[in-house]
Structure formats: structure tokens, C-alpha cells
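Participant: pasting the sequence and the predicted model now:
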Amino acid sequence: MSPSPNEAPTTGYLSSARKQFAYYKLLGEQTMSQVPDEALFWQASAESNSIATIVKHLWGNMLSRWTEFLTTDGEKEWRNRDAEFENDIHTRTDLMARWNEGWACLCQALDSLQDDDLQREIFIRNMGHSVLEAINRQLAHYPYHVGQIVFIGKMVCGENWNSLSIPKGRSSAYNAEKFAQPKRTEHFTDELPGR
């Protein structure tokens, strides 16, 4: 039976959210590890973003949203969102430092939360959100951008791309292998992507 809209969510939500964020972080990292250094800065057109620019935007968003998450507006006065789309990252090392700093900020905030916090109200640009809504908002936002990173990675790697999910033409074999095994209680996020 599902809870009514006014009931607190079940206790597994925060754990599930952490796993989902970790899964998409891993997809981004597995993509960037395949991409040659120079291709991290490649843009399909003047209006498109490079992987580096997307990482810089994610970094800026994560620092703004998750710093003092429960006590200050998620759109910090010190954030310069427009500058996130002007890439000033020039090396893989700098790119990964931003990537890791953003995710660390998110993880620290999530790790500080308790189930009782999920219905607390926070603000993003003066708009009220429950903590649960704010987490869900970012669970939609970050995978959207990680998907862009993966798409760019597949374009620049071409035939050298190592699939992060079920490779083309392998669905039947993959399903046959899975259904030949007994049912398992682990969730899909307990495994690496594509397994």
C-alpha cells in the first residue's frame, strides 16, 4: 500500500537516492575515462557544450545547491551560473578536481540528512521545496547532464566506445543470461552499469 501524500516516505529513500547519484557519477566517470584528453573540450557547434563545460556547470550547481543545504537558499549569491558555460578548464586533472568537488559536496549534504528531514522546507530561488522534492529535482537534473556527457563520449570515441549498458545486438543474450539465474534481492544500483 502506498503512503498518502501527507505521510513521511519510507526509511529507504535516502539510501536509494545516494545509490542513484552514485550510479550516475560512475557513468560519467566511465565515459570520461574513455575520452581522449583533447576531446573533453570538443564542442559539436558554437551553441553546444563540451564535456568540460557540462562538468563545470554541474560543479557550480552542486556547490550552490548542497552547501548549507538545510539553512540557506540553494541559489547562492556567490554563484555565477553564466560563467559555468564559459569554459576555463584546460586539463583532465582540473576537470576531475571540479567533478569530485561537486560530488563530494552533494554526498556530504546527503550523508548529514535523516529521514525526519525529508519533509522540511528549503528554498531554491525563493521557491519552497520539501527536502525530498529538492533531492528529486537534482536526481532529474544531474542524470540529464550525465546523459549529455555519455552522448558526447560515444560521438568522439566512435568505434572505440565501450558500452556502459547492453551493447547493440546483445539484448537477447543479456536477457537470457539474466533470466537463467535465480531471482536476486539486490537492486540494479548494487551492481556496476551494464551488469
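Facilitator: Sure, I can see it.
Participant: centroid residue for the protein?
Facilitator: In the chain, the C-alpha nearest the mean C-alpha coordinate belongs to residue 142, at 3.8 Å (C-alpha atoms, centre = their mean).
Participant: isn't that residue right up against residue 23?
Facilitator: No - the pair residue 142 / residue 23 is not scored as a contact, 10.5 Å apart, by C-beta atoms under 8 Å. Every residue, glycine included, has its C-beta placed from N, CA and C.
Participant: element containing the residue nearest to the centre of the chain?
Facilitator: Assessed by DSSP states H and E, residue 142 sits inside helix 131-157.
Participant: beyond that helix, next helix or strand please.
Facilitator: Downstream of helix 131-157 (by DSSP H and E), the next one is helix 171-179.
Participant: contacts for that next one?
Facilitator: With contacts defined as C-beta atoms under 8 Å, 6 or more residues apart in numbering, helix 171-179 is touched by residue 166.
Participant: residues in contact with residue 162?
Facilitator: Shown in contact with residue 162 (C-beta under 8 Å, 6+ apart): residue 34.
Participant: just the C-alpha atoms of the helix-or-strand element of the chain with minimal mean pLDDT, please, in PDB.
Facilitator: Counting by mean pLDDT, DSSP states H and E, the chain has its least confident helix or strand at helix 171-179, which shows a mean of 86. Taking Å, rounded to 0.1, in the frame of the first residue of the first chain, the C-alpha atoms of helix 171-179 are listed here in PDB:
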ATOM      1  CA  SER A 171      19.800  -7.700 -25.700                       C
ATOM      2  CA  SER A 172      18.500 -11.200 -26.200                       C
ATOM      3  CA  ALA A 173      21.700 -12.800 -25.000                       C
ATOM      4  CA  TYR A 174      21.900 -10.500 -22.000                       C
ATOM      5  CA  ASN A 175      18.300 -11.200 -21.000                       C
ATOM      6  CA  ALA A 176      18.700 -15.000 -21.500                       C
ATOM      7  CA  GLU A 177      21.700 -14.800 -19.100                       C
ATOM      8  CA  LYS A 178      19.800 -12.800 -16.500                       C
ATOM      9  CA  PHE A 179      16.600 -15.000 -16.600                       C
END
